[in-house]
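1. Attaching a predicted model along with its sequence, questions to come.
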Amino acid sequence: MINLNHINFRYSSKESVLEDLTLSLAPGHIYGLLGRNGVGKTSLMYILSGLRFPNDGQCSVIGFTPQQRKVDFLQQVYFLPDEIYFPPGAIDKYLALYTPFYPGFNSVMFYDLLAEFDIRADVHPAKLSLGQRKQIAICFALALRAKVLLLDEPTNALDIPAKKIFRKIIAGGLQEDQIIMISTHQVKDLESLIDHVLILDGQKMIIDRSIDELTNRIAFKYAADLEDIPNVIYSERALRGYATLSANLKGEYTKFDMELFFNAVLDQKQKVLSVLEVK
């Protein structure tokens, strides 16, 4: 459904952002796109949505070349940026302005999702807080029923209750023929939501694995003393001891810790990649 082959991308007169990126994403999954700030997560989403063009390589999204920006493509791929803008006026004015571009828009679903966030349908989004505007934008994005939904830092500015609702409606809204990609640096927000991890680092996609694959290879454990767990690759101080990451040599099932895994990749990249048998 999404295929990138040897993609290179750079902004004019600047060093490369993405180098020789090859990636294949299948429908029915929620992908978490992780990486340090400035590593190229948003640039990748721009390329997938046709807002930026790769310098080299081939990009196919639901059978279209994004940079051609054909109408059928634009109706089925939606990019929700981190910064949200709403024109003056009530929500119905916003819908009248934008929904004609998206024939799959489900108005009943949109208003139901607004109710989940406890937002009235007659409000003026431009007068609301950033967090509330973001909630409306998330409702709109999901109600489009787009085949590819790209969300850039969607939990920024959301409070704790809103983040909980966000996870609930994203998990409940995924369709079998849909891809949802979520870019974030707030790693904990995605922990119970995504089923596939993508990590960008140094212009490369260094991790492209399902949660099941990762937990088969890696064990996440807590211990009062590091000596209680052999072959620890990475550890962090935790309440009454340490949170650790090690090779899963005994085929144990342990609960995946997204933040711990991400920090381990950044701090002990080669050791983690070795355990995952990534060259």
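-> All right, it came through fine.

2. Could you tell me which residues within stretch 22-40 count as buried?
-> Counting neighbours by 16 or more other C-beta atoms under 10 Å, one finds that the buried residues in stretch 22-40 are 23, 25, 27, 29-35, 39-40. Glycine gets a C-beta too; all of them are placed from N, C-alpha and C.

3. tell me the domain ranges of this structure?
-> The record assigns the chain these domain ranges, following automatic domain parsing: 2-202, 211-275.

4. In three-state terms, label the residue most central in space within the chain for me.
-> Nearest residue to the geometric centre of the chain (C-alpha atoms, centre = their mean): Ile182, 1.5 Å. Here Ile182 is recorded as strand under DSSP: H, G, I helix; E, B strand; the rest coil.

5. Chain neighbours aside, what residue packs nearest to it?
-> Leu151 (4.7 Å; C-beta to C-beta, 6 or more residues apart in numbering).

6. Secondary structure element holding that neighbour?
-> Using DSSP states H and E, Leu151 falls within strand 148-152.

7. Now the element after that strand, going C-ward?
-> That would be, after strand 148-152 and using DSSP H and E, helix 160-173.

8. Which elements pack onto that next one?
-> helix 107-116, helix 130-143 (3 or more C-beta pairs under 8 Å, 6 or more residues apart in numbering; DSSP states H and E).

9. about what we covered before: output the contacting helices and strands for the strand holding Leu151.
-> Strand 148-152 packs on helix 41-49, strand 77-80, helix 130-143, strand 179-183, going by 3+ C-beta pairs under 8 Å, 6+ apart.

10. Of the ones you listed, which stretch is the most buried?
-> Most buried of these, by mean neighbour count (mean count of other C-beta atoms under 10 Å): strand 179-183, with a mean of 24.

11. Adjacent strands (with direction) for it?
-> strand 29-34 (parallel), strand 148-152 (parallel) (DSSP bridges).

12. Now do the longest one: everything it contacts.
-> The list of residues contacting strand 29-34 from outside it, by C-beta atoms under 8 Å, 6 or more residues apart in numbering, reads 25, 41, 44-45, 170-171, 174, 179-185, 187, 190, 193-200, 207, 258, 262.

13. who's in contact with Gln178?
-> Contacts of Gln178 (C-beta under 8 Å, 6+ apart): 27-28, 145-149.

14. any idea how far Ile194 is from it?
-> 14 Å (C-beta to C-beta, to the nearest Å).

15. Identify all contacting residues around the one helix or strand Arg209 maps to.
-> Here Arg209 sits within strand 204-210, counting by DSSP H and E. Residues outside strand 204-210 that contact it (C-beta under 8 Å, 6+ apart) are 19-23, 34, 195-200, 265, 269, 273, 276, 278.

16. For the host helix or strand of Leu200, name the packing helices and strands.
-> Element membership for Leu200 (DSSP H and E) is strand 196-201. For strand 196-201, the contact count by 3+ C-beta pairs under 8 Å, 6+ apart identifies strand 29-34, strand 204-210, helix 211-217, helix 258-267 as packing neighbours.

17. Please compute how far the longest one lies from its chain's middle.
-> When distances are taken as C-alpha atoms, centre = their mean, to the nearest Å, helix 258-267 is centred 16 Å away from the chain's centroid.

18. So what's the gap between the very next helix or strand once past that helix and the chain middle?
-> Next helix or strand after helix 258-267 toward the C-terminus (DSSP H and E): helix 269-275. Distance, stretch centre to chain centre, for helix 269-275: 23 Å (C-alpha atoms, centre = their mean).

19. cool, stretch 122-138 as well?
-> 21 Å.

20. and what of stretch 193-200?
-> On C-alpha atoms, centre = their mean, the centre of stretch 193-200 falls 7 Å from that of its chain.

21. CA atoms only: put it into CSV for me.
-> C-alpha atoms of stretch 193-200 as CSV (Å, rounded to 0.1, in the frame of the first residue of the first chain):
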residue,chain,number,x,y,z
LEU,A,193,-1.7,2.1,20.6
ILE,A,194,0.8,1.2,17.8
ASP,A,195,1.6,-2.3,16.6
HIS,A,196,4.6,-1.5,14.5
VAL,A,197,7.7,0.7,15.3
LEU,A,198,9.6,2.8,12.8
ILE,A,199,12.7,4.7,14.0
LEU,A,200,14.6,7.2,12.0
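
22. List the buried residues in that stretch.
-> Applying 16+ other C-beta under 10 Å to stretch 193-200 flags 193-194, 196-200 as buried.
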